[in-house]
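1. Next one to model:
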Amino acid sequence: MINTIIVDDEPLALDILESHIEKIPELNLVARCNNAIEANAALREHEVDLMFLDIQMPQLTGVEFMKSLTNPPMAIFTTAYAEYAVEGFNLEAVDYLLKPISFDRFLKAANKAIDKFKVERTANLSTNAQDDFFFVKSDKKMMKVFYKDILYIEGLKDYVIIRTETGRVITLQTMKSLVEKLPSEMFQRIHRSYILNLTKLIAIEGNMVELKEKGQSKMIPIGKNYRDELSAIIESKKL
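-> Numbers count the residues shown, from 1 in each chain. Here you go, the predicted model:
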């Protein structure tokens, strides 16, 4: 699932983009933003993989907004002015959509983003599959964390809490960046705020998963946007 935001100062343009997104199962719209300021807040609140970003906006243009981000998500620029295309591609945009945006042209751009997302995710997983641990910075130290020791990971704004069988490690990074480093065969994101070590899973009850934390039963919610992926994994393991 690719978390997506749409950014445009025209309500009709937002409506069209939202309608197009609803037709593509791989895209999950998490926020509608009327300007770059709202988009910046959305990036802090959500794990965003893709932005549909209008170039001509008040206060801060889409191009200026992209340049302000240190680690921007994928972007597909939208505008009514074809002359801005070159500047958009100079920022390594996935694609450039000229208004009015037809669904067939939108789908072509979305497919580019979906393919790029899959390639980058596979590359990250291949790199990390060779190790059984990773390092994170916590309390001014580089902490070594073994995958097998992790129970679950909890997100809290710009921080994540890595819960292990012996304690916890708090580090400054996003859930998105961390989930890309974890082996997918062992870890699954089940909620906007939780990543689960599947080997620690004991049971699923309704919209909750159960695991053991320090000998006690621990229940973690399953987010509606992640339920299908978890169900598919459980189904593949059934006898």
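2. could you point out which element follows the lowest-mean-pLDDT helix or strand in the chain?
-> Within the chain, confidence by mean pLDDT, DSSP states H and E is lowest for helix 85-90 among all helices and strands, at a mean of 54. Going down the chain from helix 85-90, the next helix or strand is strand 95-98, by DSSP states H and E.
3. Partner strands of that next one and their direction?
-> strand 74-79 (parallel) (DSSP bridges).
4. now the strand it pairs with, how far from the chain's geometric center?
-> Counting by CA atoms, centre = their mean, to the nearest Å, strand 74-79 is centred 17 Å from the centre of its parent chain.
5. Identify the residues contacting it?
-> 8, 13, 17, 49-56, 62-63, 66, 84-85, 88, 91, 93-99, 101, 109-110, 113, 116-117 (CB atoms under 8 Å, 6 or more residues apart in numbering). All C-beta spots, glycine's among them, are computed from the backbone N, C-alpha and C.
6. Walk me through the domains of this protein.
-> Here the domain parsing of the chain from automatic domain parsing is 2-127, 133-237.
7. Low-confidence bits of the chain, can you list those?
-> Residues of the chain that meet the criterion pLDDT under 70 lie in 83-91, 122-131, 238-239.
8. about what we covered before: export the domains of the chain to a markdown table and append columns for mean neighbour count.
-> Below are the domains of the chain laid out as a markdown table (neighbours: other CB atoms under 10 Å):
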| stretch | mean neighbour count |
| --- | --- |
| domain 2-127 | 17 |
| domain 133-237 | 15 |
